[in-house]
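Asks: Only the shape, not the letters, is given here:
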């Protein structure tokens with residue numbers, strides 16, 4: 001008997017593209033799935049689009065108000081009934097054999113370690129911009145370690161399914177922004193085995209590059225959540241990062257310091273940047289410490305965005 005997979009599609013005002021995501025699940029060669037569409041308070045005709053599909057495997061859940069993508073994904077997790085779960089953005093699509101190939105790994109894979117069960121099966125994603133693979137750092141089928149992800153040796157955008165048993169009651173922290181979903185994934189990578197399929201099985205929509213003004217506004221609007229996200233990442237995984245890749249630790253701590261300042265918490269930013277300087281004792285980080293302490297947050301943001309765009 002095939003195992004049930006729950007595919008969660010969080011969506012907000014994407015009636016123009018959510019049908020493509022739905023159709024890509026309907027087209028799967030693996031048939032034992034349920035599709036949970038979590039409408040995060042859309043004001044467009046998303047419900048009408050979803051109602052066009054009569055397949056009983058599709059369930060529609062609606063938030064009465066917009067709560068954000070993280071909350072929508074957690075709602076989907078709360079309603080998932082499958083032994084395995086995947087999350088698909090509403091502007092993305094799956095290759096028809098994506099679920100079949102992932103479940104093939106689940107069926108045949110035998111872990112070499114008795115301490116860890118198979119918890120995640122990953123594949124690569126195909127960029128909508130240039131057709132390239134968005135996941136970097138690994139180019140063959142096989143297991144990937146927690147430390148590889150933690151230290152950034154394997155990075156970028158991947159897709160996959162994860163075990164409900166390994167996930168347990170863990171959920172996304174709603175105080176983070178989307179870029180810090182890794183705070184949950186890293187726990188799964190730490191507590192179980194991760195297997196990677198070197199194929200592009202998800203078509204990933206890459207947003208157009210913002211102009212500098214938009215980038216500045218985006219940085220400022222998400223600064224508090226980013227500072228919290230970096231703090232959570234370092235709190236949960238910092239000791240391992242320090243052991244296996246100390247330069248990665250100071251990089252993440254500098255990012256936290258920057259967002260602390262931008263969000264109005266300059267004292268914490270100075271404290272964090274001083275910790276960086278004590279660890280590295282480099283001239284570059286001394287300059288960073290002075291910039292964090294002296295530059296107005298608006299100028300600091302503009303400089304960071306300028307350097308990022310170069």
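Replies: Arrived safely. Predicted, not measured: the structure shown is a model, and the values here were computed from it.
Asks: quick one: contacts for residue 153?
Replies: By CB atoms under 8 Å, 6 or more residues apart in numbering, the contact list for residue 153 reads 137, 147. Yep, even glycine has a C-beta here, placed from its N, CA and C like the rest.
Asks: For the stretch 151-300 of the chain, which residues score under the pLDDT cut-off?
Replies: 208-219 (pLDDT under 70).
Asks: which residues in it form helices?
Replies: Ranges of helices within the stretch 151-300 of the chain are 164-167, 182-191, 212-221, 223-244, 246-262, 266-280, 283-294, 297-308, based on DSSP state H, counting those that start in this stretch.
Asks: Of these, flag the one that's most buried.
Replies: Most buried of the helices of the stretch 151-300 of the chain by mean neighbour count (mean count of other CB atoms under 10 Å) is helix 246-262; its value is a mean of 21.
Asks: picking up where we left off before, would you list the helices of the stretch 151-300 of the chain in CSV and tack on distance to residue 58?
Replies: Output for the helices of the stretch 151-300 of the chain, formatted as CSV (distance: least, CB to CB, whole Å):
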stretch, distance to residue 58
helix 164-167, 19
helix 182-191, 25
helix 212-221, 33
helix 223-244, 31
helix 246-262, 39
helix 266-280, 46
helix 283-294, 49
helix 297-308, 40
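Asks: Out of the ones you listed, the one nearest residue 203 is which?
Replies: The closest of the helices of the stretch 151-300 of the chain to residue 203 is helix 182-191. By CB to CB, the value is 20.4 Å.
Asks: tell me the contacts of the residue sitting nearest the centre point of the chain?
Replies: Taking CA atoms, centre = their mean, the centroid of the chain lies closest to residue 181, which sits 4.0 Å from it. By CB under 8 Å, 6+ apart, the residues touching residue 181 are 70, 73, 172.
Asks: For the second one, give me the pLDDT.
Replies: In this case it means residue 73. Note on residue 73: pLDDT of 96.
Asks: Residue 122 is in contact with residue 101, correct?
Replies: No: Residue 101 lies out of contact with residue 122 (CB atoms under 8 Å); the separation is 11.2 Å.
Asks: Which one's more surrounded, the two?
Replies: residue 122 (25 against 16; other CB atoms under 10 Å).
Asks: Can you tell me the closest non-neighbouring residue to that one?
Replies: Among residues not flanking residue 122 along the chain, residue 160 sits closest, at 3.8 Å (CB to CB, 6 or more residues apart in numbering).
Asks: Equivalent analysis for residue 28, please.
Replies: Using CB to CB, 6+ apart and skipping the chain neighbours, the partner closest in space to residue 28 is residue 99 (4.9 Å).
Asks: If you tally nearby residues, what's the number for residue 123?
Replies: Count around residue 123 with other CB under 10 Å applied: 25.
Asks: just residue 128 next, same as before
Replies: Counted by other CB under 10 Å, the residues lying close to residue 128 total 15.
Asks: nearest spatial neighbour of it, skipping sequence neighbours?
Replies: The nearest residue in space to residue 128 (CB to CB, 6+ apart) is residue 205, at 4.8 Å.
Asks: Quick check: the gap between the one you found and residue 177.
Replies: Taking CB to CB, to the nearest Å as the measure, residue 205 and residue 177 are separated by 18 Å.
Asks: what residue ranges in the stretch 1-150 of the chain are flagged as low confidence?
Replies: Those would be 110-115, if you go by pLDDT under 70 across the stretch 1-150 of the chain.
Asks: And the strands in it?
Replies: 5-11, 33-39, 58-62, 84-87, 93-94, 118-127, 135-136, 142-144 (DSSP state E, counting those that start in this stretch).
Asks: which secondary structure elements does the fourth one contact?
Replies: When contacts are defined as 3 or more CB pairs under 8 Å, 6 or more residues apart in numbering; DSSP states H and E, strand 84-87 packs onto strand 5-11, helix 69-79, helix 98-108, strand 158-163, helix 164-167.
Asks: Relative to that strand, what are the paired strands and their orientations?
Replies: When sheet partners are counted by DSSP bridges, strand 84-87 sits next to strand 5-11 (parallel), strand 158-163 (antiparallel).
Asks: angle of the last one against helix 182-191?
Replies: Computed with axes from the mean of the first three to the mean of the last three CA atoms, to 10 degrees, the direction of strand 158-163 lies at 60 degrees from that of helix 182-191.
Asks: Please apply the same query to the longest one.
Replies: Between strand 5-11 and helix 182-191, the angle formed by their directions is 160 degrees, by the same axes, to 10 degrees.
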